[in-house]
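Chemist: Dropping a prediction and its sequence here:
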Amino acid sequence: MSKLIGNLLCLSSLIFLVAVGFVLLVSAVVRKSKNNFKFRNNKIFGFFVGGCLIAFIAGVVLVLKNNLLYIDSLSAINQALNRYHHAQALEYPLQTNSANYPVRGDNIYLRLFKQEGILEVWTKRENQPYKLYKTWKICTFSGGLGPKKAEGDGKSPEGFYATQKNLLNPHSRYHLSFNIGFPNTYDQANGFSGSYIMIHGKCVSAGCYAMTDASIEEIYTLVSLALDGGQKQIPIHIFPFMMSPSNMKKNQDSEYFPFWQQLKPAYDIFETQRRVPDISVERRHYVVQ
């Protein structure tokens, strides 16, 4: 909001100052001499110009304040964790369990549901089962239900993916981003193509899962903290919907149903055991254990 106000102050001030300059220039040309031009209300004119300059400076300060580069360091991550943990943002979360607030050394797991439009972060401490930390609303994704099969098909992927340190981009043009690892082994075995599929900010998608900037800041921070704390890869499981028996029945006529049947065992294992299953690929099919 402060960035928007800053932009409006800068724009309106510049427009007024340019307009005043144009009037002075035209008047000087018409009268053939700047000395012949007199403004009858010099004080009022001065107040207007001074006010516009102050508004312009305030606008610049607000804009610069909201465009500082995100610093990907451990100290910045810890500060961000504290800031966002106590923030009262109206746009998220849908659900929070502060008792499961991640600390360095905890493992995390991301689970996304297209139809419900949510992203979950689960945390795991030592040998304990995973517990839900927080749920966010996905701002947007592309192409509706079904897996991504080709570069440029306008689809966001479904399946079992993972991110790691070298896939994080703190300087993304989409605010912050991390690559989910598409195409994975299954995608490659089936001839699916695509690249640079991310979870990122800015709420725009061309195959990615886009969040609001506020949401991606906290999610990115949690991912960074887990990777810096020793987790090698963070699993990202993307489902078309919550795969309850009733939802499976509702969607049994879909062309994607055979593919979704491969995803369901992973959903069931996590729902009943609160552990991330082992995933492999055999004969171009997912094998879940």
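Modeler: Happy to help now that I have it.
Chemist: As a check, name the ranges of all strands in this structure.
Modeler: Assignment of strands within the chain using DSSP state E yields the ranges 95-96, 107-113, 118-124, 131-137, 159-163, 168-169, 177-179, 198-200, 209-210, 234-239, 279-282, 285-288.
Chemist: can you redo those as TSV with mean pLDDT, mean neighbour count and distance to residue 249?
Modeler: In short, each C-beta sits where N, CA and C put it, glycine included. Output for the strands of the chain, formatted as TSV (pLDDT from 0 to 100; neighbours: other Cβ atoms under 10 Å; distance: least, Cβ to Cβ, whole Å):
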stretch	mean pLDDT	mean neighbour count	distance to residue 249
strand 95-96	72	14	26
strand 107-113	98	22	17
strand 118-124	97	22	21
strand 131-137	97	19	25
strand 159-163	98	23	22
strand 168-169	98	18	39
strand 177-179	98	24	35
strand 198-200	98	26	30
strand 209-210	98	24	26
strand 234-239	98	23	16
strand 279-282	98	15	25
strand 285-288	98	16	21
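Chemist: which one of those strands lies closest to residue 153?
Modeler: Taking Cβ to Cβ as the measure, the strands of the chain were each checked against residue 153, and strand 159-163 came out nearest at 14.7 Å.
Chemist: Each with direction, which strands does the closest one pair with?
Modeler: Here the strand partners of strand 159-163, with direction, are listed using DSSP bridges: strand 234-239 (antiparallel).
Chemist: Just want the angle from the partner strand to strand 107-113.
Modeler: Orientation of strand 234-239 against strand 107-113 (axes from the mean of the first three to the mean of the last three Cα atoms, to 10 degrees) gives an angle of 20 degrees.
Chemist: what's the spacing between the nearest residue to residue 212 once chain neighbours are set aside and residue 101?
Modeler: Spatial nearest neighbour of residue 212, excluding adjacent residues (Cβ to Cβ, 6 or more residues apart in numbering): residue 139 at 5.3 Å. In this structure, residue 139 lies at 23 Å from residue 101, with Cβ to Cβ, to the nearest Å as the measure.
Chemist: Comparing these two, which residue is more hemmed in?
Modeler: Each of residue 139 and residue 101 has its neighbours counted (other Cβ atoms under 10 Å); residue 139 has more, 22 against 14.
Chemist: For the more buried one, give me its contacts.
Modeler: 203, 210-212, 215 (Cβ atoms under 8 Å, 6 or more residues apart in numbering).
Chemist: Including distance to residue 150, could those go into TSV?
Modeler: Compiled in TSV, the contacts of residue 139 are given as follows (distance: Cβ to Cβ, whole Å):
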residue	distance to residue 150
203	25
210	20
211	25
212	29
215	29
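Chemist: Of those residues, which is the most crowded?
Modeler: Note: the member of these with the most neighbours is residue 211, at 30 neighbours, neighbours being other Cβ under 10 Å.
Chemist: could you measure that residue against residue 250, distance?
Modeler: In terms of Cβ to Cβ, residue 211 sits 27 Å off from residue 250.
Chemist: Next: residue 268.
Modeler: The value you get for residue 268 to residue 250, if Cβ to Cβ is used, is 17 Å.
Chemist: And the two? Which one has more around it.
Modeler: Relative neighbour count places residue 268 above the other of residue 268 and residue 250, with 15 against 11, counting by other Cβ under 10 Å.
Chemist: How about that one: what's its closest non-neighbour residue?
Modeler: Residue 268 sits nearest to residue 243 (Cβ to Cβ, 6+ apart), 7.4 Å away.
Chemist: show me where pLDDT drops low in this structure?
Modeler: Counting by pLDDT under 70, the chain has low-confidence residues at 1-53, 55-56, 58-95.
Chemist: so where do the helices sit in this structure?
Modeler: Under the criterion DSSP state H, the chain contains helices at 2-31, 42-65, 74-86, 185-189, 213-228, 245-250, 257-273.
Chemist: ok, now which ones touch the residue nearest to residue 286 when sequence neighbours are not counted?
Modeler: Closest residue to residue 286 in three dimensions, ignoring its sequence neighbours and counting by Cβ to Cβ, 6+ apart: residue 262, at 4.4 Å. Going by Cβ under 8 Å, 6+ apart, residue 262 touches 285-286, 288.
Chemist: re earlier: I'd like the strands of the chain written out as a markdown table, with distance to residue 188 added.
Modeler: Converted to a markdown table, these look like this (distance: least, Cβ to Cβ, whole Å):
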| stretch | distance to residue 188 |
| --- | --- |
| strand 95-96 | 35 |
| strand 107-113 | 21 |
| strand 118-124 | 25 |
| strand 131-137 | 30 |
| strand 159-163 | 12 |
| strand 168-169 | 22 |
| strand 177-179 | 15 |
| strand 198-200 | 19 |
| strand 209-210 | 20 |
| strand 234-239 | 17 |
| strand 279-282 | 9 |
| strand 285-288 | 13 |
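Chemist: With that, I have no additional questions.
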